[in-house]
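**Student:** Based on what follows, work out the 3D shape:
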Amino acid sequence: MNPEILLDLVNYKMPFGKYEGRLICNLPQHYLAWFSREGFPPGKLGMLLSTMYEIQHNGLEYLLEPLKKK
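**Tutor:** Next up is the predicted model:
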């Protein structure tokens, strides 16, 4: 895995929708689960959302905490 992806999760903001402007790492689990069911958008945003979904689904959010402090 590319470590820059983890940095993007704590720096990249949701560009649209109900949670527009919120960092990807701070999106609620139910929102990411909806994308998982309905389909992630194409491109980098979809990859970041699906990665964050897997991190949350597996209880690995703590891995992002050191990156949030930078």
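**Student:** and stretch 17-26, what's its mean pLDDT?
**Tutor:** In this model, stretch 17-26 has a mean pLDDT of 96.
**Student:** Quick check: buried residues in it?
**Tutor:** Within stretch 17-26, the residues that count as buried by 16 or more other Cβ atoms under 10 Å are 23-25. The way it works is simple: take the backbone N, C-alpha and C, and place the C-beta from them, glycine included.
**Student:** Straight-line length of it, end to end?
**Tutor:** With Cα to Cα, to the nearest Å as the measure, the first residue of stretch 17-26 is 14 Å from its last.
**Student:** Contacts for it next, please.
**Tutor:** 8-14, 27-28, 31, 48-49, 52, 61, 64, 68 (Cβ atoms under 8 Å, 6 or more residues apart in numbering).
**Student:** Among those, name the buried ones.
**Tutor:** 8-10, 12, 14, 27, 31, 48-49, 52, 64.
**Student:** Quick one: those residues as JSON lines, columns for secondary structure and distance to P42 too.
**Tutor:** Formatted as JSON lines, the buried ones among the contacts of stretch 17-26 follow (DSSP: H, G, I helix; E, B strand; the rest coil; distance: Cβ to Cβ, whole Å):
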{"residue": "D8", "secondary structure": "helix", "distance to P42": "16"}
{"residue": "L9", "secondary structure": "helix", "distance to P42": "18"}
{"residue": "V10", "secondary structure": "helix", "distance to P42": "22"}
{"residue": "Y12", "secondary structure": "coil", "distance to P42": "15"}
{"residue": "M14", "secondary structure": "coil", "distance to P42": "15"}
{"residue": "L27", "secondary structure": "coil", "distance to P42": "18"}
{"residue": "Y31", "secondary structure": "helix", "distance to P42": "18"}
{"residue": "L48", "secondary structure": "helix", "distance to P42": "12"}
{"residue": "L49", "secondary structure": "helix", "distance to P42": "11"}
{"residue": "M52", "secondary structure": "helix", "distance to P42": "16"}
{"residue": "L64", "secondary structure": "helix", "distance to P42": "24"}
